[in-house]
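Colleague: No sequence on hand, only this structure:
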């Protein structure tokens, strides 16, 4: 679960400017912020419209958090422009991400945010652009509709962080790969840019897990079930990582879902997973997660579970700097208890090398579904969180090494959907 992206969510607004001007300003920002660590000078590049929200101290603290999570900045791999926003593809020690900077005609910065890398290409992609309205937001996505349809429609539900429609993680486009493989088997699908990807400003201190994920999935499900073309299709929600964790919550709120698939989804609380991940990363390389950072997250988790926690608790005292409203929305959620009330066909897949979600979670799902004769739980010994084969202990670096999503895993998922 890529919670690191939340560390750098700021307002991103559209503006028009000349590319060369924004390009130069963006490079100056990157140099001052990441290399020189001159936060006073960085602050001077910001537009007055956001300086009441962003302080010099905030810039300093956020850079420290990014450096702890991603390591030092090595290089700018490429620069792209779209709708007045400048995409700087940055290579950090531990991860490659886009820094998206929005520039005004006055050559000031009105927003900046780290996002999964967006590929700018003229190459043809399967499917058509398709939008769905959800709670005042326009969700942009890709609809794949095979000519010879098996009347199955998959809706993809992302992991944590502001994911794009393809769920691009490192060198992999997890949802795009699955969708296009399913398309070859006559399965329709819809994948969309997550609300926090398209509208990062919408994720604020009042936002809950439902605002981030569940409400939009439910809107999409209802949209297609009320569409004359798809009303008689079997609708399957496929959730990965955080999306898998939330599958029972989503399914409990509608009767329009026919099948469920949980791919590397946690069966335990989000904070439990966070602590496990921090401990694991610290154990394989203390540079990944210094002991001070591990102790800090453990202290925040202790506070979250204490009687002192309330809706007024400052987010600085809570895990991953997420608000009290967000954590409170997960307080009473018990996915394994909820899933026992469902008799839908349910598929659970888990890579045994996955360090982000582990076999402990898989066992919990399997136990909870033991009385559901329509469920299928499969684990894959050599696969990681993205269902890619590897050897030894899994590390974040392997997400940035080109590989292939396992064919047997895709075959098993596809057969579950078709049968």
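Modeller: Here it is on my side, so go on. Values in this document were obtained by computation on a predicted structure and should not be read as measured data. Residues are numbered from 1 along each chain as shown.
Colleague: any idea where the strands of the stretch 201-350 of the chain begin and end?
Modeller: All strands of the stretch 201-350 of the chain, identified by DSSP state E, counting those that start in this stretch, fall at 234-240, 259-263, 346-351.
Colleague: elements contacting the first one?
Modeller: Right, strand 234-240. strand 152-157, helix 174-183, helix 215-225, helix 247-251, strand 259-263 (3 or more C-beta pairs under 8 Å, 6 or more residues apart in numbering; DSSP states H and E). Glycine gets a C-beta too; all of them are placed from N, C-alpha and C.
Colleague: pLDDT weak spots in the stretch 51-200 of the chain?
Modeller: Counting by pLDDT under 70, the ranges of the stretch 51-200 of the chain that qualify are 83-84, 121-125.
Colleague: how much space between residue 402 and residue 195?
Modeller: Remark: distance between residue 402 and residue 195 (C-beta to C-beta, to the nearest Å) = 30 Å.
Colleague: Please say which of the two ends up with more neighbours.
Modeller: More crowded of residue 402 and residue 195, by other C-beta atoms under 10 Å: residue 195, with 23 against 8.
Colleague: name the element the nearest residue to residue 203 once chain neighbours are set aside belongs to?
Modeller: Excluding its sequence neighbours, the residue lying closest to residue 203 (C-beta to C-beta, 6 or more residues apart in numbering) is residue 196, at 4.8 Å. Under the criterion of DSSP states H and E, residue 196 resides in helix 195-198.
Colleague: same question, residue 366
Modeller: Secondary structure from DSSP H and E places residue 366 in helix 359-368.
Colleague: Show me where the stretch 201-350 of the chain has its helices.
Modeller: Ranges of helices in the stretch 201-350 of the chain, per DSSP state H, counting those that start in this stretch, are 209, 215-225, 242-245, 247-251, 270-284, 291-304, 324-328, 335-339.
Colleague: State the mean pLDDT of the fourth one.
Modeller: Averaging the model's pLDDT scores along helix 247-251 yields 98.
Colleague: Which residues outside that helix are in contact with it?
Modeller: Residues outside helix 247-251 that contact it (C-beta atoms under 8 Å, 6 or more residues apart in numbering): 157, 209, 213-214, 217-218, 237, 239, 257, 260-262, 265, 333, 335-336, 338-339, 342, 344.
Colleague: Over to the shortest one?
Modeller: Taking C-beta under 8 Å, 6+ apart as the criterion, the residues outside helix 209 that touch it are 246, 249, 326, 329-330, 333.
Colleague: pretty sure residue 217 is touching residue 155, no?
Modeller: Yes: assessed by C-beta atoms under 8 Å, residue 217 is found in contact with residue 155 at 6.5 Å.
Colleague: Give me the common contacts of those two.
Modeller: Listed as contacting both residue 217 and residue 155 by C-beta under 8 Å, 6+ apart are residue 237.
Colleague: Comparing these two, which shows the higher neighbour count?
Modeller: More neighbours surround residue 217 than the other of residue 217 and residue 155, with 28 against 24 (other C-beta under 10 Å).
Colleague: Quickly note the distance from the more buried one to residue 247.
Modeller: 9 Å.
Colleague: Repeat that for residue 383.
Modeller: 19 Å.
Colleague: Between those two, tell me which one has more neighbours.
Modeller: Under the neighbour definition other C-beta under 10 Å, residue 383 and residue 247 were set side by side, and residue 247 has more, 29 against 23.
Colleague: Leaving out chain neighbours, which residue sits closest to that one?
Modeller: Nearest residue to residue 247, sequence neighbours excluded (C-beta to C-beta, 6+ apart): residue 239, at 4.5 Å.
Colleague: Let me see the contact set for the one you found.
Modeller: Neighbouring residues of residue 239 by C-beta under 8 Å, 6+ apart: 156-157, 245-247, 250, 260-263, 265.
Colleague: Which member of these is positioned nearest residue 88?
Modeller: residue 156 (27.5 Å; C-beta to C-beta).
Colleague: show me the contacts for the closest one.
Modeller: Counted by C-beta under 8 Å, 6+ apart, residue 156 has contacts 165, 167, 175, 178-179, 189-192, 238-240, 243.
Colleague: related to what we said a few turns ago, show residues contacting the helix holding residue 366.
Modeller: By C-beta under 8 Å, 6+ apart, helix 359-368 touches 262, 265-268, 336-337, 339-340, 348, 350, 352, 377, 379.
Colleague: again, only using 7 Å
Modeller: Counting contacts by C-beta atoms under 7 Å, 6 or more residues apart in numbering, the residues outside helix 359-368 that touch it are 262, 266-268, 336, 339-340, 348, 350, 352, 377, 379.
Colleague: And stretch 126-139, by the same measure?
Modeller: Residues contacting stretch 126-139 (C-beta under 7 Å, 6+ apart): 140-144, 180, 183, 190, 192-193, 195, 199, 202, 215-216, 219-220, 223.
Colleague: Could you do stretch 337-350 as well?
Modeller: Residues outside stretch 337-350 that contact it (C-beta under 7 Å, 6+ apart) are 248-249, 251-252, 257-264, 359, 362, 365-366, 368-369, 372, 374-379, 409, 412-413, 416.
Colleague: which parts of that stretch are buried?
Modeller: Of the residues in stretch 337-350, 339-340, 342, 345-350 count as buried by neighbour count, 16 or more other C-beta atoms under 10 Å.
Colleague: now the residues you listed in CSV, with pLDDT and distance to residue 102?
Modeller: Formatted as CSV, the buried residues of stretch 337-350 follow (pLDDT from 0 to 100; distance: C-beta to C-beta, whole Å):
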residue, pLDDT, distance to residue 102
339, 98, 41
340, 97, 47
342, 96, 43
345, 98, 45
346, 98, 42
347, 98, 41
348, 98, 41
349, 98, 39
350, 98, 39
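Colleague: hmm, back to that, now the contacts of stretch 337-350: which count as buried?
Modeller: 248-249, 251, 257, 259-264, 362, 365-366, 368-369, 372, 375-377, 409, 412-413, 416.
Colleague: Break the chain down into its domains, please.
Modeller: 3-115, 128-269+330-418, 271-328 (automatic domain parsing).
Colleague: hey, which of those domains is tucked in deepest?
Modeller: Mean neighbour count (mean count of other C-beta atoms under 10 Å) peaks for domain 128-269+330-418 among the domains of the chain, with a mean of 19.
Colleague: now do the same end-to-end measure for that domain.
Modeller: Counting by C-alpha to C-alpha, to the nearest Å, you get 23 Å between the two ends of domain 128-269+330-418.
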